[in-house]
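[1] Starting from these lines, generate the structure:
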Amino acid sequence: MEGPTESKSPNRWILRGVIFMFASLAGLLGYLLYLMGPTGVVAEVRIPRGSGAQAVGRTLEQAGLVRSGYLFALYLRFSGQDKHLRPGYYRLEGRGLRAVALALTDQSRPLTVRITFPEGWRAADMAQRLSENNLDGPRFLELVRNPTPELRPAEAQGPTLEGYLFPATYEFPLDITPEEIIQHMTRRMAQEFTPEARLRLRELGLESVHAWVTLASIVQAEAANSSEKPVIAGVFLNRLELGMPLQADPTVAYGLGKRLPELNRSAGDFEKDTPYNTYTRRGLPPGPIGNPGAEALRAVLNPVRTNEKGQKYLYFLHAQGRLFLNVDFEGHLRDVARYYR
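    Numbering: from 1, shown residues only. Got it, this is the predicted structure:
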């Protein structure tokens, strides 16, 4: 009776071994599927430039977006997606290893910030807005004031890049550098410097693009609305042509590091000589006093210089929400006496 039992014993052990092997494989497969599966975590992560698969995997594991950073790195390498990683900030959901990998390669965009810079803003204002959006405003302003040769457009002949930062709405990735922000803005400004515009400058007697941008920045600061820009541009062009000082209050404010409402005539602000004081100095200042928009730039190219009699406008005055123009000083004084009683 013992013989048959002994003969079946090896088969029983083989069967148990097979079952154990399959159970182990099933357990390993289940564990791999668990590691590759969704975590349910939603998090923001930053993928630095130049990050490899291993570093990205470690970042995602620490954020709880994947369960195994090592397995994630292996997946990227074997799938070839490690060559398509895109740096930036991401808001991701841990929907599984494959889904997270796709989000970092070809199915998503890094987080961005949308920033609007109004026309006429100074670089200092732009730097503050960048800081408010968690970008490096101080470094941006430092580079504008002391630009490297690589950042300086050929047209920018002044001491800084003021005037060449085109005011518009931009969408920046959150890992953008101040250098890249400046390049975006100066390249957009360069689109205005068309061959047609350069030809028109010569017709107007403006010697360079820099003179154009400088004058446009003053027009931008002086005009209360779009309709005023061409006539104010005309007044200043006429004054330049006749060798008269521009006498533009915003240039005085810029030279003193003040805002326009802060100017104090009784304190002698208008007599304090700076390179930007167009009361004490004739001609254009050394550079723009802000960053003009397309309207101001085009107003300089298409000025309104004369009245219906063909007389040149030489004076303007803002009063009671209106712009008053005059061709002589006597008329200007009459308007001052009439509207500033």
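
[2] what residue ranges in the stretch 101-250 of the chain score low on pLDDT?
    106-109 (pLDDT under 70).

[3] Show the residue spans covered by the helices in it.
    123-132, 137-145, 178-190, 195-204, 209-222, 228-242, 249-256 (DSSP state H, counting those that start in this stretch).

[4] what's the closest of the ones you listed to Leu97?
    helix 178-190 (31.6 Å; C-beta to C-beta). C-beta: built from backbone N, CA, C; applies to glycine.

[5] Just the buried residues of the closest one, please?
    Of all the residues in helix 178-190, those buried under the rule 16 or more other C-beta atoms under 10 Å are 178-179, 181-182, 184-186, 189.

[6] the inter-axis angle of it versus helix 137-145?
    Helix 178-190 runs at 50 degrees relative to helix 137-145, counting by axes from the mean of the first three to the mean of the last three C-alpha atoms, to 10 degrees.

[7] List of residues touching helix 178-190?
    117, 130, 135-136, 139-140, 143-144, 147, 150-151, 153, 155-156, 161, 164-166, 168, 170, 172, 213 (C-beta atoms under 8 Å, 6 or more residues apart in numbering).

[8] mind giving me the domain ranges of the chain?
    Here the domain assignment for the chain is 34-110, 112-190, 195-305, based on automatic domain parsing.

[9] Export those domains as TSV, with columns for distance to Gln311.
    Shown next, in TSV, are these (distance: least, C-beta to C-beta, whole Å):
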stretch	distance to Gln311
domain 34-110	57
domain 112-190	29
domain 195-305	10
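
[10] Which parts of this protein are strands?
    With DSSP state E as the criterion, the chain has strands at 42-47, 88-93, 112-116, 169-173, 315-319, 322-326.

[11] Take those strands and lay them out in TSV including distance to Ala253 and mean neighbour count.
    Output for those, formatted as TSV (distance: least, C-beta to C-beta, whole Å; neighbours: other C-beta atoms under 10 Å):
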stretch	distance to Ala253	mean neighbour count
strand 42-47	40	15
strand 88-93	38	18
strand 112-116	23	13
strand 169-173	26	14
strand 315-319	15	17
strand 322-326	19	16
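
[12] Turn these into CSV, including distance to Glu203.
    Supplementary listing: those in CSV, determined by distance: least, C-beta to C-beta, whole Å:
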stretch, distance to Glu203
strand 42-47, 51
strand 88-93, 46
strand 112-116, 34
strand 169-173, 32
strand 315-319, 23
strand 322-326, 23
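
[13] Any idea how far apart the tips of stretch 103-110 sit?
    9 Å (C-alpha to C-alpha, to the nearest Å).

[14] Relative to Arg265, which of the strands of the chain is closest?
    Per C-beta to C-beta, nearest to Arg265 of the strands of the chain: strand 315-319, 15.4 Å.

[15] Let me see the mean pLDDT of that closest one.
    Averaging pLDDT along strand 315-319 yields 91.

[16] Which strands and helices lie in contact with that strand?
    helix 228-242, strand 322-326, helix 329-339 (3 or more C-beta pairs under 8 Å, 6 or more residues apart in numbering; DSSP states H and E).
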